[in-house]
Structure formats: structure tokens, C-alpha cells
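Trainee: Please find the sequence and the predicted model below.
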Amino acid sequence: MPTSLSQETAALSLVLPKDALIWFTVADSSVDEETVSITLVEKNNPPKYAGELIFRCYKDITVTDFPIRGKQAYLTFRRRYWSDVRTGKLVANTIPLAFPGTKLETEFANFLKGEGGDSPYGALVHRDVLLPRAERI
């Protein structure tokens, strides 16, 4: 870890997807007997865009993550969306938190690929088990 990170940030970066703290700040967290929940809000950095943008809304994406200390872990990412003043088109940053072609964190996708060879089926089966089809992101 770089020495410029606080101890809390360095510890948290071990739990969150790689580079999550570059794009997000921790807004809330809670722990109970069964779950750990962490809410992260996207920083106010509008994407590079040819038109004029204004902040429009947040959209929450909740991901079931690896268990933490035997408790179910939920990460909620509050994504920022801006709209083009002229066209009304919604625009968001492209944030590379998932492995390309999956909805999995890069490190976990690489682990599954290593366990299952070059077959993508391990990742698909894992994703089916975690969330019903209607709830997947």
C-alpha cells in the first residue's frame, strides 16, 4: 500500500474491488449478526463529454460480495448520472470494476478461470447461484 493512504483506507481497500476508492467514497456502513453492508457514492467527477452536462440522478447497484468474517457482504454503489443540457441524454463514467464480459470483480473472475480452465461456465454458474436472473446487474 502506498504510504499516503490512511490506515483505515488501506484496510478498506483490501475488502473493496480494486481501485474502487479512486472512483467512490464510503458514505455508510453497517454490521449486524448476519450481514456487512457498505455504501459507496461515486465522486463528483463528470465524464469528458462534448456537450454541457448537469447532474441528473443517482442509481444504486447492490452487489453480493465475498463473505466477510462469516457474514454476508453487500456493496452498494451509488452511481452518478449527468444529462446533456441540449439533448437530455444520460451520461455516466465508465468505471472498470468488473472483469470484461462479466459482472464479477477482476480478481474473482481470474480465480474462476484458473479453477475452470478457459471455460467461462464457472463464472456463469456462480452468477446464477448468487442472484435470480431478474436481479442481476
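Mentor: On my side now, so go ahead.

Trainee: Do me a favour and average the pLDDT over stretch 22-37.
Mentor: Regarding stretch 22-37, the rounded mean pLDDT is 93.

Trainee: and if you look at stretch 89-101?
Mentor: 77.

Trainee: Just confirm Leu21 contacts Val15, I think it does.
Mentor: No: assessed by C-beta atoms under 8 Å, Leu21 is found out of contact with Val15, at 10.5 Å. To be clear about C-beta, it is placed using only N, CA and C from the backbone, and glycine gets the same treatment.

Trainee: Those two: which is more packed in?
Mentor: Neighbours per residue, other C-beta atoms under 10 Å: of Leu21 and Val15, the larger number sits with Leu21, 17 against 14.

Trainee: That one looks like it's in a helix, true?
Mentor: Yes: assessed with DSSP: H, G, I helix; E, B strand; the rest coil, Leu21 lies in a helix.

Trainee: give the contact list for it.
Mentor: By C-beta atoms under 8 Å, 6 or more residues apart in numbering, Leu21 lies in contact with 9, 12-13.

Trainee: Then Asp84?
Mentor: 49, 51-53, 91.

Trainee: Thank you, goodbye.
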